[in-house]
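Undergrad: got a structure for you, letters missing:
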């Protein structure tokens with residue numbers, strides 16, 4: 001039985017189609033899935049809106065950078081709705097080295113609407 005790679009559903013390969021993001025997608029392996037489960041267990045609420053978190057987002061988009069991908073203080077828990085909005089509005093336009101001020105402002109505004117005060121708990125290690 002082969003090793004199962006965890007990839008977000010929108011990144012799963014269909015047939016033999018060319019995938020220009022293959023190297024980036026391969027970062028989402030079994031180690032990521034183990035980390036993701038642990039992270040969401042200690043951070044069960046969406047950092048932006050307080051709903052149940054189902055996604056571990058990279059605050060600064062990693063764009064295939066392994067160090068940034070594994071950087072534990074770069075991870076935040078999000079619900080699917082907040083994650084999809086952030087990805088569409090902020091992350092797709094992000095270029096390495098640019099500030100993430102607009103993304104942070106969007107998150108801060110969502111948190112203020114819900115009067116959220118909890119913080120993200122950083123895990124001690126990445127598998």
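TA: Nice, I can see it. What you see is a predicted model, and the numbers here were worked out from it, not measured in a lab. Residues are numbered from 1 along each chain as shown.

Undergrad: isn't residue 51 right next to residue 79, touching?
TA: Yes. The criterion here is CB atoms under 8 Å, and residue 51 meets it with residue 79 at 4.4 Å. Backbone N, C-alpha and C define where each C-beta goes, glycine included.

Undergrad: Pull out the buried positions in stretch 27-42.
TA: Within stretch 27-42, the residues that count as buried by 16 or more other CB atoms under 10 Å are 27, 28, 32, 35, 36, 38, 39, 40.

Undergrad: Which single one of these is nearest to residue 95?
TA: Ranked by distance to residue 95 (CB to CB), these are led by residue 27 at 19.0 Å.

Undergrad: Now that closest one: closest residue in space, sequence neighbours ignored.
TA: Of all residues not flanking residue 27 in the chain, residue 69 sits nearest, at 5.1 Å (CB to CB, 6 or more residues apart in numbering).

Undergrad: Just give me the neighbour total for the one you found.
TA: Residues contacting residue 69 under the criterion other CB atoms under 10 Å number 18.

Undergrad: before we move on, could you check phi and psi at it?
TA: phi -60, psi -40 (degrees, to the nearest 10).

Undergrad: what sits against it?
TA: Neighbouring residues of residue 69 by CB atoms under 8 Å, 6 or more residues apart in numbering: 27, 58, 62.

Undergrad: re the thing from before, residue 75: which of the buried residues of stretch 27-42 is nearest?
TA: For the buried residues of stretch 27-42, the nearest to residue 75 is residue 39 (6.2 Å; CB to CB).

Undergrad: quick one: which helix or strand includes the closest one?
TA: Using DSSP states H and E, the element containing residue 39 is helix 30-42.

Undergrad: could you say what helices and strands that helix packs with?
TA: With contacts defined as 3 or more CB pairs under 8 Å, 6 or more residues apart in numbering; DSSP states H and E, the packing partners of helix 30-42 are strand 55-58, strand 75-78.
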